[in-house]
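In: give me a 3D structure for the following:
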Amino acid sequence: MHFHRWSVILTVAGISGGWFLTVLSGLYSVKEPFVVDAEIIYFGFPFPWFMATRSGWVSNPPWHYSFFWQGFFVDFTIYGLLTSAVVYLYFITIAVGRKTKQSNTTFFLLGIE
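Out: Numbering: from 1, shown residues only. Below is the predicted model:
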């Protein structure tokens with residue numbers, strides 16, 4: 001495979017996989033247990049990148065939301081690199097398997113063992 005194709009495939013896989021897995025990591029939530037007067041919930045893994053808070057003093061208070069760009073960017077980078085590595089290893093193993101199968105077929109057709 002040409003270098004240009006590799007770079008395009010790895011870039012697209014890294015961006016799309018990083019985006020998908022980062023958004024999916026937002027389903028992971030941790031509730032702050034030690035705050036008595038408020039509810040604080042963090043979303044994101046391994047770094048929290050979204051926070052929802054509300055006061056405990058008022059009955060049925062509104063939620064306040066905060067977005068942490070640093071945590072989102074770090075999670076996106078980690079998941080993008082992991083996705084690119086998996087795609088790269090997948091294509092490498094397919095290429096090695098294809099070459100091995102092709103060389104075995106050639107030896108078989110030529111009668112070489």
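In: neighbours around Phe68, how many?
Out: The number of residues packed near Phe68 is 17, by other CB atoms under 10 Å. Where C-beta positions appear, they are placed from N, C-alpha and C, glycine not excepted.
In: do I have it right that it meets Met51?
Out: Yes: if you go by CB atoms under 8 Å, Phe68 and Met51 touch, sitting 7.1 Å apart.
In: any stretches of this protein with poor pLDDT?
Out: Along the chain, the model assigns pLDDT under 70 to residues 1-4, 96-113.
In: which residue ranges form the helices in the protein?
Out: Taking DSSP state H as the criterion, the chain carries its helices at 3-25, 69-110.
In: reformat those as TSV; add mean neighbour count and distance to Pro62.
Out: Below are the helices of the chain laid out as TSV (neighbours: other CB atoms under 10 Å; distance: least, CB to CB, whole Å):
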stretch	mean neighbour count	distance to Pro62
helix 3-25	15	24
helix 69-110	13	23
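In: for Ile40, find the nearest of these.
Out: Nearest of those to Ile40, taken as CB to CB: helix 69-110 at 14.9 Å.
In: tabulate the helices of the chain (CSV), appending distance to Phe47.
Out: Putting these into CSV (distance: least, CB to CB, whole Å) gives the following:
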stretch, distance to Phe47
helix 3-25, 9
helix 69-110, 4
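In: out of those, flag the one nearest Glu39.
Out: Comparing those by CB to CB, helix 69-110 comes nearest, at 19.7 Å.
In: for Ser55, which non-adjacent residue is spatially closest?
Out: Pro61 (4.8 Å; CB to CB, 6 or more residues apart in numbering).
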